[in-house]
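Undergrad: dropping a prediction and its sequence here:
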Number of protein chains: 2
Amino acid sequence: MAAQAIVAPSRTPLDPGFAAALAQRFGAECSFAEAIRRQHGQSETHFPETLPDAVVFAQSTADVVDLVRLCVMHRVPVVPYGAGTSIEGNALPVRGGVSVDLSKMDRILAVNAEDFDCTIEAGVRREELNAYLRDTGLFFPIDPGANATIGGMAATRASGTNAVRYGTMREAVLALTVVTADGEVIRTARRARKSAAGYDLTRLFVGAEGTLGVITEVMLRLHPIPEAISAAVCGFASLQGAVDTVVQAIQSGVPLARIEILDDRQIAAVNAWSKLDLLEVTTLFFEFHGSPAGVEEQIATVAALAATNGGGDFAFSNRPEERARLWKARHEAYYAALNQRPGAIGWSTDVCVPISRLPACILETKRDLESCSVPATILGHVGDGNFHVIFALDPAAPDEFAEVSAINARLIERALAMDGTCTGEHGIGIGKQPWLEAELGDAVDVMRLVKRALDPHDLMNPGKIFTL
Amino acid sequence: MAAQAIVAPSRTPLDPGFAAALAQRFGAECSFAEAIRRQHGQSETHFPETLPDAVVFAQSTADVVDLVRLCVMHRVPVVPYGAGTSIEGNALPVRGGVSVDLSKMDRILAVNAEDFDCTIEAGVRREELNAYLRDTGLFFPIDPGANATIGGMAATRASGTNAVRYGTMREAVLALTVVTADGEVIRTARRARKSAAGYDLTRLFVGAEGTLGVITEVMLRLHPIPEAISAAVCGFASLQGAVDTVVQAIQSGVPLARIEILDDRQIAAVNAWSKLDLLEVTTLFFEFHGSPAGVEEQIATVAALAATNGGGDFAFSNRPEERARLWKARHEAYYAALNQRPGAIGWSTDVCVPISRLPACILETKRDLESCSVPATILGHVGDGNFHVIFALDPAAPDEFAEVSAINARLIERALAMDGTCTGEHGIGIGKQPWLEAELGDAVDVMRLVKRALDPHDLMNPGKIFTL
């Protein structure tokens, strides 16, 4: 990603005593080098580079405990970092401090196949987890596209293509190990499938973006690999027809595993990037999970709905390698969108609305994009009412930022007017902060009370979600 | 329910100025009469009667706002009350104050059938909601047995017979309207199916038992009534065989809608109470939801598993009225258990363990009950690893309380040793407080930080879940 100007966080220089203590405790796992700091000061999207003062590569929960205690003693921010794939600037150290890189905490600690759960360190990535699980007959369904760390996915309450069937990280996480802002280690729940024992701290930390503590271990719910899996694509004569098919399929109660939209421009970008030859029209990508008979039933229902809405034939990808190729293309849609314009910077936004409002929301957005001078594509996890717009910005054209900024604001206001949310799955980070109060009103004050209580010095990923 | 001695909460008498202000604001909807206070100072189980100083019947969120503000100004506890069906003393005003009865807030505010959601006032009961929904083709699946209010179910994170398929109140609640401890009204989320916007306040209030604020409205996720529903019972030669069938069915990934166990003694009690003639052996009650073909597949798989574990033939109840009779008997199991001993007081406890540990947990518990002098039955939502023991205590025999208390402690310690929870679905209330720290350790301190931040005067259902 092309970098913009380095932003110096508005803070005093790193205290030499603190720096020495860090170096002494973490040795080679602590770095002050600009190259390492820059790596941890960038995001995949349009936010300016913002360097941490130091990077610590944690190897264990005990490392994180010592780091948090040291940082709190010296009043230095702690910013968790996983794979760096977040979208709303969630891991940028906007007030400097230490970027705690959890990617070396990549051990799979336990798989309880008979209970459909596993416990992993926060730095395990979802693709590696699924590779590890393959022989157990189980899989971890949450799939945001990027090969993110599970800790990062928990922190941002990620979801993605499978959420329509399997839920989001909210449902997938059974328990967390968290290092709190006073350097204590807590485990938020036991391994029972359900519990009514006290406040749901698991769900409090899921989606808190590291602002209440650092997630170091995650217990996850797994699912059996379905007996039959079938994937298909279907092109539509109109965007309206495609979206109506989604809404009708969901309203019919078909237990779709995936139902994804890519608009005509996104399909053109995918064709170019992933060497596919899809018809360049709005297209739905489907995946059906179940028993062989169940999958056939689902396909028949959805194909009939598609046909009445101007859909073409279903092109199936049933062999695992074909299916993998199809979903790889879907997952690389972001890079495909940027590739439309060499050297472009990406701006990816998302909203989520009640499914009945999805046609209006997506069609109005498409119209708004017609006059946009920046290449822009629509894609999304439409079975949840969730979609994205990706803009490929020219880094040398500041006017484009202003133009996209205005379109993004209109998109969010449109979603909020439909009782939707300003972010279905990216989190608030820094990018969506202007709309959090518009969405949730005085509830944000309650969030602030929680934040102040759990992190009184405002050192846990400060400046994210809201300011105090 | 036979009442024990009236417990006078340890508090100063109600300030006459406060009483006058209550009466002025709420008129006939406020009562200081002992009969009304006694009604709100009892529970369905073994906890001593504990009277509130006053009862206010709220008609609206605005009523609750005014009540909370008045109570906070006078430092008087506020204890929400729904249907009074909670099990762990969750609604008992252990420090006196005002019992705020929400049962008159029973309006269904909106049903969005196309989005599978509805919004209701907290006092709506689940059976009334399902009766209202019948013509929409949708239903609200969470079913704790009792015809509880939805607000109370949210506050205790209730679940019940359908949770194995449809989840608990954690998954069922999309958003809440809450009156906070400073008398503000917040709405915790928009109507979108998912969101990554800030802290998950919905899940924070679900299960908080009214200790962080009063839930006045609930937005719920609904589900389509399945095309085919089939219910069956199957008796087993041994408890072990029945539990093994459950574990194997769950591990096979069969999407069971209900799988309930009732031990031999519970079946005998149900036969007597509900005029059934079931074979008096450990029995599983099943319900299968899906397409007609899907239901047939599920039944075939489960029947084969049952047969290898000493199960008898499946007795089906496929006509709606037969099915209703079967589940009514299951729902009245608590009253059936008490009926074993006229005048008995009930003590109902529950634990939940990982499914692989369920056979050991339930068999050891059954052995522990063999020498118990109090009639005791086992039943539960075993697909989740969750089961209950119901004791029918003689109110005139204090030794029985001590005996049951010791068995209950052993049950909980057994579940905790298996990485389970001291309460799968009843909440902590007052009854499970001795084990919350054993279960969650320092995480309870984090809960206390949240409580102090959101309710600094400790007036929202004080003394529940933990003490400060």
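TA: The structure has been received and is ready for your questions. Numbers count the residues shown, from 1 in each chain, chains lettered A, B, ... in the order given.
Undergrad: low-confidence ranges, chain A, go.
TA: Along chain A, segments meeting pLDDT under 70 span A:1-12.
Undergrad: domain-wise, how is it divided?
TA: A:16-101, A:108-224, A:228-417 (automatic domain parsing).
Undergrad: now tabulate those domains in a markdown table and tack on mean neighbour count and distance to B:K464.
TA: For the C-beta atoms, the positions are set from N, CA and C on the backbone; glycine is no exception. Listed next are those as a markdown table, based on neighbours: other Cβ atoms under 10 Å in any protein chain shown; distance: least, Cβ to Cβ, whole Å:
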| stretch | mean neighbour count | distance to B:K464 |
| --- | --- | --- |
| domain A:16-101 | 21 | 31 |
| domain A:108-224 | 23 | 10 |
| domain A:228-417 | 20 | 34 |
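Undergrad: got CSV for those, with distance to chain B too?
TA: Output for these, formatted as CSV (distance: least, Cβ to the nearest Cβ, whole Å):
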stretch, distance to chain B
domain A:16-101, 9
domain A:108-224, 3
domain A:228-417, 4
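Undergrad: nearest to B:C422 among these would be which one?
TA: Closest approach to B:C422 among the domains of chain A (Cβ to Cβ): domain A:108-224, 5.9 Å.
Undergrad: span of the closest one from start to end?
TA: 18 Å (Cα to Cα, to the nearest Å).
Undergrad: how about JSON lines for the domains of chain A, with distance to B:C118 added?
TA: Putting the domains of chain A into JSON lines (distance: least, Cβ to Cβ, whole Å) gives the following:
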{"stretch": "domain A:16-101", "distance to B:C118": "31"}
{"stretch": "domain A:108-224", "distance to B:C118": "20"}
{"stretch": "domain A:228-417", "distance to B:C118": "12"}
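Undergrad: run through who's touching stretch A:131-148.
TA: Here stretch A:131-148 makes contact (Cβ atoms under 8 Å, 6 or more residues apart in numbering or on different chains) with A:44, A:82-83, A:85-86, A:108, A:111, A:113, A:116, A:118, A:125-127, A:129-130, A:150, A:153, A:158-163, A:165-169, A:172, A:220, A:222-225, A:330-331, A:333-334, A:425.
Undergrad: tell me how far A:A336 lies from A:E322.
TA: 19 Å (Cβ to Cβ, to the nearest Å).
Undergrad: identify whichever of the domains of chain A lies nearest to B:Q248.
TA: domain A:108-224 (9.9 Å).
Undergrad: next, A:S274: phi, psi?
TA: phi -100, psi 10 (degrees, to the nearest 10).
Undergrad: what residues are up against the closest residue in space to it that isn't next to it in sequence?
TA: Residue nearest to A:S274 in three dimensions, not counting chain neighbours: A:A329, with 3.8 Å by Cβ to Cβ, 6 or more residues apart in numbering or on different chains. Neighbour list for A:A329: A:V270, A:W273, A:S274, A:L276, A:A336 [criterion: Cβ under 8 Å, 6+ apart].
Undergrad: now, the most widely separated pair of those?
TA: Farthest pair in the contacts of A:A329, by Cβ to Cβ: A:L276 and A:A336, 9.7 Å.
Undergrad: find residues that contact each of those two.
TA: A:V270, A:A329.
Undergrad: so where's the longest helix in chain A?
TA: In chain A, taking DSSP state H as the definition, the longest helix is helix A:398-417.
Undergrad: show me what that helix is packed up against.
TA: Using 3 or more Cβ pairs under 8 Å, 6 or more residues apart in numbering or on different chains; DSSP states H and E, the elements in contact with helix A:398-417 are strand A:345-352, helix A:358-370, strand A:386-393, helix A:433-440.
Undergrad: let's have the ones you listed in JSON lines, adding distance to A:V404.
TA: What follows is those, written out as JSON lines (distance: least, Cβ to Cβ, whole Å):
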{"stretch": "strand A:345-352", "distance to A:V404": "5"}
{"stretch": "helix A:358-370", "distance to A:V404": "10"}
{"stretch": "strand A:386-393", "distance to A:V404": "5"}
{"stretch": "helix A:433-440", "distance to A:V404": "14"}
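Undergrad: filter the contacts of stretch A:131-148 down to the ones in strands?
TA: Mapping the contacts of stretch A:131-148 onto strands (DSSP state E) picks out A:I108, A:V111, A:C118, A:L220, A:H223, A:P224.
Undergrad: give the contact list for A:A208.
TA: Contacts for A:A208 were tallied using Cβ under 8 Å, 6+ apart; they are A:A155, A:I465, B:Y199.
Undergrad: switch to 10 Å and redo it
TA: A:154-157, A:178, A:215, A:427, A:447, A:450-451, A:454-455, A:460-461, A:464-465, B:198-200 (Cβ atoms under 10 Å, 6 or more residues apart in numbering or on different chains).
Undergrad: center of chain A, which residue is that?
TA: A:A158 (4.1 Å; Cα atoms, centre = their mean).
Undergrad: spatially nearest residue to that residue (excluding sequence neighbours)?
TA: Going by Cβ to Cβ, 6+ apart, A:A158 has A:P144 as its nearest residue, at 4.4 Å.
Undergrad: gap between that neighbour and A:A154?
TA: 11 Å.
Undergrad: who touches both of the two?
TA: With Cβ under 10 Å, 6+ apart as the test, A:P144 and A:A154 both reach A:M169.
Undergrad: and A:L279, its phi and psi?
TA: phi -60, psi 130.
Undergrad: quick check, it in contact with A:L262.
TA: No: at 11.5 Å, A:L279 does not count as touching A:L262 under the criterion of Cβ atoms under 10 Å.
Undergrad: which neighbours do the two have in common?
TA: A:V233, A:G235.
Undergrad: list the helices and strands the helix or strand where A:V72 lies packs on?
TA: Here A:V72 sits within helix A:61-73, counting by DSSP states H and E. Secondary-structure packing of helix A:61-73 (3 or more Cβ pairs under 10 Å, 6 or more residues apart in numbering or on different chains; DSSP states H and E): helix A:16-26, strand A:54-57, strand A:78-81, strand A:98-101, strand A:173-180, strand A:185-187, strand A:213-221.
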